[in-house]
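> quick one: sequence plus predicted model below, questions after.
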Amino acid sequence: MNTAEVLDVFRSAGAVLEGHFILTSGLRSPVFLQKARVFMHADKTEKLCKALAQRIRAEVDGKIDYVVGPAIGGLIPAYETSRHLGVPAVWVEREQGEFRLRRFEMEKGARVVIVEDIVTTGLSIRETIACLRDLGAEVAAAACIIDRSAGKTDVGVPLIALAEYEVPAYPADALPPELAAIPAVKPGSRNI
Ligand SMILES: O=P(O)(O)OC[C@H]1O[C@H](OP(=O)(O)OP(=O)(O)O)[C@H](O)[C@@H]1O
Ligand SMILES: O=C(O)c1cc(=O)[nH]c(=O)[nH]1
Ligand SMILES: [Mg+2]
């Protein structure tokens, strides 16, 4: 799938929202990709994740022991991508703000691929990598459905993006006037 096809899926699900959004990084944006509105449809999710699994198979050499999804947004795409890769899916979730693998054991040396929904700054993927490396896992690559940085983010491992879609984002103290005029909402789950 190319970027236009991925964005068509998001638009067909009403998942491209406009307004004033507080992102997980604290940045503000006039556009929010509400992936949950895509992932509520099994057929749309399957189409995206099957294509992402094909990219992972083509670009990651060697075995993959687990796919790891950062909760909450990464849960469904990690599971569905793992189904197409034929490997188990686990997830990290926040405990007092820090990602932890709370419900699973992972053997030292396990080789994993992280599957995220959206990447903006790469902060959530870097936090996931830190958690997995603390457990002794090897992170072979990270993958996402949409990279809002359009390839500019460096997460320290190869990042496979099904689509690259550059969207403006601003520090809270440098908002353009048209954005400052709209009340801000924070759709994601960090800090709640
Ligand atoms: O690249 P980043 O700057 O980290 O932004 C992307 C992250 O933001 C969202 O998660 P969020 O923490 O908002 O919560 P969610 O997973 O519950 O949607 C999204 O699911 C990614 O994990
Ligand atoms: O950066 C984010 O927090 C973010 C952006 C976006 O478009 N969608 C999302 O779920 N999170
Ligand atoms: Mg998330």
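Arrived safely, thanks for sending. Ligands and ions are numbered 1, 2, ... in the order given.
> which one is Y66 nearest to, not counting chain neighbours?
V112 (4.7 Å; C-beta to C-beta, 6 or more residues apart in numbering). C-betas here are computed from N, CA, C, even on glycine.
> with I72 instead?
In space, I72 is closest to S189, 4.9 Å off (C-beta to C-beta, 6+ apart).
> in three-state terms, label the closest residue to L33 other than its chain neighbours for me.
Of all residues not flanking L33 in the chain, I118 sits nearest, at 5.4 Å (C-beta to C-beta, 6+ apart). Secondary structure for I118, judged by DSSP: H, G, I helix; E, B strand; the rest coil, is strand.
> quick one: C144 and T120 touch, right?
No - judged on C-beta atoms under 8 Å, C144 makes no contact with T120 at a distance of 10.0 Å.
> where's T81, which helix or strand?
Assessed by DSSP states H and E, T81 sits inside helix 75-85.
> next one: V9
Residue-wise, V9 maps onto helix 3-12 under DSSP H and E.
> likewise for R57?
Using DSSP H and E, R57 falls in helix 42-59.
> ok, then the element right after that helix?
strand 66-70.
> near ligand 1 at all, that following strand?
Yes - contact of strand 66-70 with ligand 1 (C-beta under 6 Å from any ligand atom) involves P70.
> just want the angle from that strand to helix 42-59.
Following axes from the mean of the first three to the mean of the last three C-alpha atoms, to 10 degrees, one obtains 130 degrees for the angle between strand 66-70 and helix 42-59.
> picking that back up, mean confidence for the helix holding T81?
Averaged across helix 75-85, pLDDT comes to 98.
> cool, stretch 12-21 as well?
What stretch 12-21 shows for mean pLDDT is 98.
> need the residues of the protein near ligand 2, please.
Residues of the chain lying near ligand 2 (C-beta under 6 Å from any ligand atom): L23, T24, S25, F32, L33, K35, G73, I118, T120, R148, G188.
> so who does the residue nearest to L33 touch?
L33, K35, G73, C144, I145, I146, D147, R148 (C-beta atoms under 8 Å, 6 or more residues apart in numbering).
> my guess is the third one meets D117, correct?
Yes - judged on C-beta under 8 Å, G73 makes contact with D117 at a distance of 4.0 Å.
> so for the two, which residues contact both of them?
In contact with both G73 and D117: K35, using C-beta under 8 Å, 6+ apart.
> SS state for the residue nearest to I72?
coil.
> hmm, back to that, neighbouring contacts of the helix holding V9?
Contacts of helix 3-12 (C-beta under 8 Å, 6+ apart): 16, 33, 35, 38, 44, 47-48, 145-146, 162-165.
> wait, doesn't T24 sit right on P187?
No - counting by C-beta under 8 Å, T24 does not reach P187; the two are 9.5 Å apart.
> identify the residues contacting the residue of the chain found nearest ligand 1.
The nearest approach of the chain to ligand 1 comes at G188, 1.9 Å away (C-beta to the nearest ligand atom). Residues in contact with G188, defined by C-beta under 8 Å, 6+ apart, are L23, T24, G73.
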